[in-house]
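>>> sharing a model that was predicted from the sequence below.
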Amino acid sequence: MSGPSDYQPSNPALQWIERRLPIIGLVHSSFVVYPTPRNLNYWWTFGAILSFMLGMQILTGVVLAMHYTPHADLAFKSVELIVRDVNYGWLLRNMHACGASMFFFAVYVHMLRGLYYGSYKEPREVLWILGVIIYLLMMATGFMGYVLPWGQMSFWGATVITNLFSAIPYFGESIVTLLWGGYSVGNPTLNRFFSLHYLLPFLIAGVVVLHVWALHVAGQNNPDGVEPKTEKDTVPFTPHATIKDMFGVSCFLLLYAWFIFYMPNYLGDADNYIPANPGVTPPHIVPEWYYLPFYAILRSIPNKLAGVVGMFGAIIILCFLPWLDSARTRSSKYRPLAKQFFWIFVAVCILLGYLGSQPPEGIYVIAGRVLTVCYFAYFLIVLPLLSRIETPRPVPNSISDAVLAKTGSRSTPMVSTAIVLALAASLFAGSIDSAKASEGSDQPPGNKWSFSGPFGKFDRGALQRGLKVYKEVCASCHGLSYIAFRNLAEPGGPGYSVAQAAAFASDYKVKDGPNDAGDMFERPGRPADYFPSPFPNEQAARAANGGAAPPDLSLITKARSYKRGFPWFIIDFFTQYQEQGPDYVSAVLQGFEDKAPEGVTIPEGSYYNKYFPGHAIKMPKPLSDGQVTYDDGSPTTVAQYAKDVTTFLMWTAEPHMEARKRLGFQVFVFLIIFAGLMYFTKKKVWAASH
Amino acid sequence: MTTASSADHPTRRDFLFVATGAAAAVGGAAALWPFISQMNPDASTIAAGAPIDVDLSPIAEGQDIKVFWRGKPIYISHRTKKQIDEARAVNVASLPDPQTDEARVKAGHEQWLVVIGICTHLGCIPIAHEGNYDGFFCPCHGSQYDSSGRIRQGPAPANLPVPPYQFVSDTKIQIG
């Protein structure tokens, strides 16, 4: 992108175009012959990974927008129907939702790499500032995207974040009303967020072009922080950097696919499987993991305006980094003190992230304040001071000198940083779980589920028995509004035939109309109908149940979770443990005790349950031994009923789980082979360059 | 790997390049599939395309009604004796899309014509009981269909299609 291209195509047609629009020459000089420092390590691959992720998010996002409905009444359902009915909708949604997390994970690595190796220093200041702008745009986009499914966390996250602007003196309230387009977060808010969520990625892509342009003018930085001097210091971009980046991307895809296929809800919040309810706030409102450090800074400052300023300041301060750190040596590799402070800074950020996920009380508040001071001190005190007092180690004369001087010991810091980053990532990931309500006390016992693990399948018998328990017991109060009768005959479900599903449907009376006379009427259910709710509307449900509307059970196993603190989330990540929801639901069904223990009082009209938060639940004990008859000889006990009906509810929450795991296995086999091929090809390419 | 480090083993390197490229191509093509497949009708749309029942008893002779099945308008005409005779008197060989009237209705139920009311020219909806042939007339580009829904004049190339249907009873049909 710098200077006129010397590219001369041999094909006359290409020559014709090149003389009129030198775009092929531009690509050629930017991505083919472009000289790349030959000492780049794999931290530099994250630039390519980020380009890939941006493309992926735009592609899957455009597709999801084809199926999504941006309306407050329909958004939640439309997302559920994408996952249930659209061909590969579950895959595309997982790709997009997990993709956001992967995008932020990659951008943090990319930013920390820039910080460590001094990539922001002269002459790359504009490049760095453009990067900060991209990051801000990403944060806005990610936030608005999280609002779109219109679940509880979406709605309340939107409320909290938009309320940040009310801290602005004099105009705050008016600005918040302006953002909402109403008296509160509502349909106009959702509409504009959808519009902007679609627009901003294209702005990001535009700034990325500027970012890459600036990069190609200044040239890439490198681990030794010395500018390339001779031809020996560089290799052509293609094939060297291209193949190395492709290998990096294929390794990254393994991590990405792990989440898509095996842990799709791991990074999300269970509360977002509850439709938005403006009348009830979740016990703790937490943002997605990638905003947690800034959320912690916001909460640490006991003043509304100062908190907001602190939070935005924590990001904006990055823009001034090139001038705050005036050290002559670029790379922390040759700065013994800066290196140590860098890792302390990383630890501060991770701990801030952890604190952001914790309830703001007690020691967490104090720790948050200390770490907030540390965060700003790194930029405002440590870096300016270090650039004056630190004596850096001698920097090599050239990149080729640095490459030749490398010894076997160089891999040690790489390994340690990799371990630190892996730990950091899992700490971030796990803090989502620990962000859950602290008011639940007893941790429900874990069950053995046939559907757990990478090859888990539903137990057909349990699904059919569970359906029977649902129909005979639960259905008198709870709806199942996202399940259609036809779903019973779909692969991966209870294994009914199409005729059986139709016969099952015809047992139900479904309200239809208006007919020719303008009246509503009842008719037998058809396969295309959804399970009808036992109550005509929510008011009727409330009236019949002492004021508490029984929740719809379609998503109950995904909408329930409980605290699984350190170190369980690390183990969960590797074992793909996703069973908090079903464990919880099964435990609640079995947790009823007639007499509350000594010293526990529960409100009038509620029942004591060992596992329910606060122990007071409005639902009376629904199951007792021998209540439902089983034809297949399974024991008719409460434990068996609870397990069967929970298995069934797990299927209603994700009818395509088996397809997800099966495709996941195929993808993994492919990716491992592909990454292996990439590795050997990369080795060949780089071997030839020595 | 000391001897295999450069271009003096072109076969192994070429194999790697080809294998990697082939794997990338296969993976890319496979990854493309969900993005294409999602455009097809989803499960709820397919389920909503189930057969529908239509009661014929309120339709008087000479009248016609329009019902919708799979998003398409279906004309159900209760034909008069005159219309049936006109439709059967035509020399089939002279038609642009030769088809007998008997082939387009159910035996024993000659008075009922059931056709998909979409002009075979460019997809407009013809008007029933219009035109020179006592059938259907498409105002968009002037196609004229007779009382059997066969194309007689104008740019349309084919007769109005007959949807799959059967008589459940004398006064009730199931379309689909």
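Thanks, I have it.

>>> do a quick rundown of the strands in chain B.
Using DSSP state E, the strands of chain B run over residues B:52-55, B:64-69, B:72-78, B:112-116, B:127-130, B:135-138, B:143-145, B:151-153, B:165-169, B:172-175.

>>> mind giving me the packing neighbours of the fourth one?
Contacting strand B:112-116 under the criterion 3 or more CB pairs under 8 Å, 6 or more residues apart in numbering or on different chains; DSSP states H and E are the following elements: strand B:72-78, strand B:172-175. Using the backbone N, CA and C atoms, a C-beta is placed for each residue, glycine as well.

>>> for these, please prepare a markdown table with the additional fields distance to chain A, mean neighbour count and mean pLDDT.
Compiled in a markdown table, the helices and strands packed on strand B:112-116 are given as follows (distance: least, CB to the nearest CB, whole Å; neighbours: other CB atoms under 10 Å in any protein chain shown; pLDDT from 0 to 100):
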| stretch | distance to chain A | mean neighbour count | mean pLDDT |
| --- | --- | --- | --- |
| strand B:72-78 | 15 | 19 | 96 |
| strand B:172-175 | 13 | 18 | 95 |
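
>>> which one of those lies nearest to residue A:178?
Judged by CB to CB, the one of those that comes nearest to residue A:178 is strand B:72-78, at 45.8 Å.

>>> give me the residues contacting stretch A:489-502.
A:458, A:460, A:463-464, A:467, A:485-488, A:504, A:526-527, A:648, A:651, A:655-659, B:43 (CB atoms under 8 Å, 6 or more residues apart in numbering or on different chains).

>>> how about the strands in the stretch 401-550 of chain A?
Using DSSP state E, counting those that start in this stretch, the strands of the stretch 401-550 of chain A run over A:509-512, A:521-524.

>>> with mean neighbour count added, can I get these in JSON lines?
Shown next, in JSON lines, are the strands of the stretch 401-550 of chain A (neighbours: other CB atoms under 10 Å in any protein chain shown):
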{"stretch": "strand A:509-512", "mean neighbour count": "13"}
{"stretch": "strand A:521-524", "mean neighbour count": "12"}
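
>>> tell me which of these approaches chain B most closely.
Between chain B and those, the tightest spacing by CB to the nearest CB is seen for strand A:521-524, at 10.8 Å.

>>> and the closest one, average pLDDT?
Mean pLDDT, computed over strand A:521-524, is 93.

>>> and the stretch 1-150 of chain A, which residues reach chain B?
A:59, A:63, A:66-67, A:81, A:84-89, A:91-92 (CB under 8 Å from any CB of the partner chain).

>>> okay, those residues in CSV with secondary structure and distance to residue A:145 next?
As requested, the residues of the stretch 1-150 of chain A next to chain B are exported to CSV (DSSP: H, G, I helix; E, B strand; the rest coil; distance: CB to CB, whole Å):
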residue, secondary structure, distance to residue A:145
A:59, helix, 14
A:63, helix, 14
A:66, coil, 16
A:67, coil, 15
A:81, helix, 18
A:84, helix, 20
A:85, coil, 21
A:86, coil, 18
A:87, coil, 22
A:88, coil, 20
A:89, helix, 17
A:91, helix, 18
A:92, helix, 14
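
>>> can you pick the most crowded of those?
residue A:86 (27 neighbours; other CB atoms under 10 Å in any protein chain shown).

>>> in this structure it contacts residue B:42, no?
Yes. The pair residue A:86 / residue B:42 is scored as a contact, 4.5 Å apart, by CB atoms under 8 Å.

>>> quick one: contacts for the residue in the stretch 351-500 of chain A that chain B sits nearest to?
Per CB to the nearest CB, residue A:486 is where the stretch 351-500 of chain A lies closest to chain B, at 5.1 Å. Contacts for residue A:486 (CB under 8 Å, 6+ apart) come out as A:498, A:501, A:527, A:528, B:43, B:47.

>>> neighbours of the residue lying closest to residue B:72 once chain neighbours are set aside, how many?
Sequence neighbours aside, residue B:116 is the residue nearest to residue B:72 in space, at 5.4 Å (criterion: CB to CB, 6 or more residues apart in numbering or on different chains). Neighbour count for residue B:116, taken as other CB under 10 Å: 17.

>>> what bridges to residue B:116?
As for beta bridges, residue B:116 partners with residue B:74 under DSSP bridges.

>>> my read: it touches residue B:162, true?
Yes. With contact defined as CB under 8 Å, residue B:116 reaches residue B:162; the gap is 7.4 Å.

>>> what is the neighbour count of residue 44?
With no chain named, the answer covers chain A. There are 23 residues near residue A:44, going by other CB under 10 Å.

>>> ah, I was thinking of chain B
Neighbours around residue B:44, by other CB under 10 Å: 16.

>>> so for it, what's the pLDDT?
93.

>>> list the contacts of it.
So residue B:44 contacts A:81, A:85, A:484, A:528 (CB under 8 Å, 6+ apart).

>>> ok, 10 Å please
A:81, A:84, A:85, A:86, A:484, A:486, A:528, A:530 (CB atoms under 10 Å, 6 or more residues apart in numbering or on different chains).

>>> show me what the fifth one is bridged to.
Residue A:484 forms beta bridges with residue A:530, as assigned by DSSP bridges.

>>> touching, it and residue A:532? I think so.
No. At 11.0 Å, residue A:484 and residue A:532 do not qualify as touching, with contact defined as CB atoms under 10 Å.

>>> which of the contacts of stretch A:489-502 are buried, as a ChimeraX select command?
The following ChimeraX line selects those of the contacts of stretch A:489-502 that are buried, judged by 16 or more other CB atoms under 10 Å in any protein chain shown:
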select /A:458,463,464,467,485,486,487,488,504,526,527,648,651,655,656,657,658,659 /B:43
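
>>> which elements pack onto the strand or helix carrying residue A:154?
Assigned by DSSP states H and E, residue A:154 belongs to helix A:152-163. Contact here means 3 or more CB pairs under 10 Å, 6 or more residues apart in numbering or on different chains; DSSP states H and E; on that basis helix A:152-163 packs against helix A:75-84, helix A:125-147, helix A:172-180, helix A:187-218, helix A:292-300.
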